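J.: Got a predicted structure plus its sequence, pasted below:
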Amino acid sequence: MRKNRKIFLLIYVFAFFWALSGALVSYIQSSFLGQFSPTEYVGLYIAAATLISLLAIWYLPRFIRTYSNYQISFVLIIILAASYFLLSQTNNAWLVLIFFVINFLAVALLGINIDIFLEDISVDIRTGRIRTRFMTIVNVAWVLAPLGMGNITGLDAYANVYFWSGIVLLPAILLLFWQRRLLQDKVEYKSRQFGRLKEIFFRNRNLRNIFLTHFVLRFFYCWMVLYTPLYLHEQIGFSWQQIGIIFTIMLLPFVIFEIPAGILADRYLGEKEILIAGFLIMAGATAAIFFLTSASVAVWAAVLFTTRVGASLVEAMQESYFFKIFDKQDIDIISIFRNLSSLSWLAGSLAAVALLIFLPLEYIFLILAAVLLYAVYPSAKLEDTK
């Protein structure tokens, strides 16, 4: 038990630095890429990165079975740190694209590695609490990041943010190296052919529905991460310091609500009811952005805070539900579940490119609200895990 507590702490600290490095750059990446491409085509960089991520995540379980989750994790975090430093130094559009794809890929793959580490010491009856505690620690990093990002980009020096993201990863690299004995995995991972996985997917209605809700949530993140800072900075006219304050307030629900939601799901309600409520809150608040013309920091912070109240509930319930019905041995299904993030970013970035050719940027938020409302249907079809 004491060893498990130490591993939990190790995973949490490692995940904090991993999340902080990614969060620092997430809200400036569209503006950073906009230096090398017109705004309406920034999504093509994301599309290229996500397309390659789809392929890489599909093959990741094979590499983990051949080597180990720890060895793959260590290689990936070195690659991730290197990509941050390289992006901070290059001005060539093609090199930026290459390093951005590598960066995007390493972040996505490490997320799956962390899932496997955590599942190795989790038990189903505490899944909601374990997962939401983990996500809360990760989200603390996301809350802190906008303030750091706002200060670093005081002069719109986006490359500096990538440099500091690389620095932030150094403690995680050292931690992973020093504690390598604790994280050596000895799990017999399942290896199933595509046909078998397809059969599981079509026979399991709960799996299909939780996949669909996960896809919609990540689609929401794609559009919000890419286009909210762009909209606030270029059209509303907020400085990056003001955006940093707004985003810090916006992200607080992930720290405040996820652990209580996990406890409620484990002990009382189950995931479905909370999931539905989350999507309804997200849809209403996202639609409000379309009609919002105020230049008040407080008003924008309040509206975006509300979108994330809903998102925090949805995220917590998806994680809890999925990891109650699948275990660490199901690395192939876990990788597909995480692959939905890349698929949603691919779909989201390409859809945004197409829409922005014909529509002003604010219509993105109205369309997104409609997508979120649709997600209520598969949420309602889930069977309770109790």
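T.: Yep, that arrived.

J.: Select the helix or strand of this protein having the lowest average pLDDT value.
T.: Lowest mean confidence among the helices and strands of the chain (mean pLDDT, DSSP states H and E): helix 194-203, at a mean of 71.

J.: Please pull up the helix or strand immediately following that one.
T.: Downstream of helix 194-203, the next assigned helix or strand under DSSP states H and E is helix 205-231.

J.: Show the average pLDDT along that following helix.
T.: Here helix 205-231 scores 89 as its mean pLDDT.

J.: In terms of pLDDT, where does Leu373 sit?
T.: Note for Leu373: predicted pLDDT of 95.

J.: Contacts only, for it.
T.: Neighbouring residues of Leu373 by CB atoms under 8 Å, 6 or more residues apart in numbering: 279-280, 283. Glycine gets a C-beta too; all of them are placed from N, C-alpha and C.

J.: hey, C-alpha coordinates of stretch 333-342 in PDB?
T.: Below are the C-alpha coordinates for stretch 333-342, written out as PDB (Å, rounded to 0.1, in the frame of the first residue of the first chain):
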ATOM      1  CA  ILE A 333      -9.000   0.000 -26.500                       C
ATOM      2  CA  ILE A 334      -7.400   2.600 -24.200                       C
ATOM      3  CA  SER A 335      -5.200   3.800 -27.200                       C
ATOM      4  CA  ILE A 336      -8.300   4.000 -29.400                       C
ATOM      5  CA  PHE A 337     -10.100   6.000 -26.700                       C
ATOM      6  CA  ARG A 338      -7.200   8.500 -26.600                       C
ATOM      7  CA  ASN A 339      -7.000   8.400 -30.400                       C
ATOM      8  CA  LEU A 340     -10.400  10.100 -30.400                       C
ATOM      9  CA  SER A 341      -8.600  13.300 -29.200                       C
ATOM     10  CA  SER A 342      -6.500  13.300 -32.300                       C
END
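
J.: so how far is it off the chain centroid?
T.: Stretch 333-342 sits 11 Å away from the centroid of its parent chain (CA atoms, centre = their mean, to the nearest Å).

J.: now what about stretch 335-354, what contacts it?
T.: Outside stretch 335-354, the residues that touch it by CB under 8 Å, 6+ apart are 40-41, 43-44, 46-47, 49-51, 53-54, 57-58, 60-61, 108, 111-112, 115, 197, 211, 214-216, 218-219, 221-223, 226-227, 322, 326, 364.

J.: any idea of the pLDDT on Tyr84?
T.: 93.

J.: Distance of it relative to Gly166?
T.: Distance from Tyr84 to Gly166, counting by CB to CB, to the nearest Å: 3 Å.

J.: Which residue is the nearest non-sequential neighbour of Glu362?
T.: What sits nearest to Glu362 in space, not counting adjacent residues and going by CB to CB, 6 or more residues apart in numbering, is Phe290, at 5.5 Å.

J.: I'd like to know how many residues surround Asn92.
T.: With neighbours defined by other CB atoms under 10 Å, the count for Asn92 comes to 10.

J.: What of Lys6?
T.: As a burial measure, Lys6 scores 13 neighbours (other CB under 10 Å).

J.: give me the element it is part of.
T.: Under the criterion of DSSP H and E, Lys6 resides in helix 2-26.

J.: average model confidence for stretch 171-186?
T.: Within the predicted structure, the mean pLDDT of stretch 171-186 is 77.

J.: Run the chain-centre distance for the helix holding Lys6.
T.: Helix 2-26 sits 14 Å away from the centroid of its parent chain (CA atoms, centre = their mean).

J.: as a whole number, average confidence for it?
T.: Mean pLDDT, helix 2-26: 81.

J.: show me where the stretch 251-386 of the chain has strands.
T.: Applying DSSP state E, counting those that start in this stretch to the stretch 251-386 of the chain gives no strands.

J.: All the helices of it, in order from the start?
T.: Listed in chain order, the helices found in the stretch 251-386 of the chain under DSSP state H, counting those that start in this stretch are 252-256, 258-267, 271-291, 297-325, 331-358, 363-374, 376-380.

J.: Run through the stretch 51-200 of the chain and note the low-pLDDT ranges.
T.: Low-confidence segments of the stretch 51-200 of the chain (pLDDT under 70): 119-129, 147-156, 182-197.

J.: In it, what residue spans correspond to strands?
T.: According to DSSP E, counting those that start in this stretch, the stretch 51-200 of the chain contains no strands.

J.: Tyr363: neighbour count?
T.: Applying other CB under 10 Å, we find 13 residues neighbouring Tyr363.

J.: Quick one: residues contacting it.
T.: Contacts for Tyr363 (CB under 8 Å, 6+ apart) come out as 290, 355.

J.: Can you check the pLDDT for it?
T.: On pLDDT, Tyr363 comes in at 92.

J.: mind listing what's buried in the helix holding Lys6?
T.: In terms of neighbour count (16 or more other CB atoms under 10 Å), helix 2-26 has its buried residues at 7-8, 10-12, 14-26.

J.: Tell me what angle it forms with helix 205-231.
T.: Angle of helix 2-26 versus helix 205-231, following axes from the mean of the first three to the mean of the last three CA atoms, to 10 degrees, is 40 degrees.
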